[in-house]
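In: predicted coordinates and the sequence they were generated for:
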Amino acid sequence: MGFCKNACDIIGIMKESTKGAINKMSKKIVAIVGSLRKESLNKKLALKAKEIVGEEAEFEILEYSDIPFMNEDIEFPAPKEIERIRKQIKEADGIWIFTPEYNHFFSGVLKNLLDWMSRPVSKTEGNVLEGKPVALSGMSPGMSGTILAQDNLVTLLSFLNMDIMNAPRLIIPRASTLVNEGVLELGNSEKYLIRQKDAFLKYLDK
């Protein structure tokens, strides 16, 4: 009886531990970086966010450098690259966009991706963005950070009927000063990224 009791206790602890791990990773976030540059500041920011999220959620950075320009001539059937990305977005609980600012706007590659994702999957299935929770972050070498790019993104994402977490947003100016030998060191700004992470995970639970 004593052995059975101890064995059952161990099994019970293992089950609870496994259950806790599953619950921790029950949310899936897909991060979209609005720059394809290898040493992109916003790619570094997304990687820092992934590090901060840790085991609280699954965090995947979307790879989309291979998608073609949006063109209705090739829309149906959709290119395999578009099908892959639609599947990733469908499976996500939330989208976290890390945008640069180019000429007071967000990037062309990000707009192209959103144009593709805004299109219906088929005659019977709508697009994969509608109603999807989304958070916005961005950093830039300029003094204004990415505030205008984000504001323009909000206009587009609202039109697409995404569920925007409008506050807190993260805007980091003078980003080049935060990179040391290729490594992003956020310093005092890190607490704001942590705050946004906490808010977004809570937002996904609503």
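Out: Yep, that arrived.
In: list the contacts of the residue nearest to Ile95 when sequence neighbours are not counted.
Out: In space, Ile95 comes closest to Val134 once its chain neighbours are excluded; the distance is 4.5 Å by Cβ to Cβ, 6 or more residues apart in numbering. Where C-beta positions appear, they are placed from N, C-alpha and C, glycine not excepted. For Val134, the contacting residues are 94-97, 157, 162-165, taking Cβ atoms under 8 Å, 6 or more residues apart in numbering as the criterion.
In: in the chain, which spans are strands?
Out: Counting by DSSP state E, the segments of the chain that form strands are 28-33, 58-61, 94-98, 133-139, 163-164, 170-172, 179-180, 183-184.
In: who touches the third one?
Out: Going back to what we said before, that points to strand 94-98. For strand 94-98, with Cβ under 8 Å, 6+ apart as the criterion, the contacting residues are 27-34, 42-43, 45-46, 49, 89, 110, 129, 132-139, 153, 162, 200, 203-204.
In: separate out the buried members of those residues.
Out: Judged by neighbour count, with 16 or more other Cβ atoms under 10 Å as the criterion, the buried members of these are 27, 29-34, 42-43, 45-46, 49, 89, 110, 129, 132-139, 153, 162, 200, 203-204.
In: which strand residues bridge the residue nearest to Ile95?
Out: In this entry, Val134 is beta-bridged to Ile95, Ile164, by DSSP bridges.
In: ok, now how distant is it from Asn188?
Out: Val134 sits 26 Å away from Asn188 when distances are taken as Cβ to Cβ, to the nearest Å.
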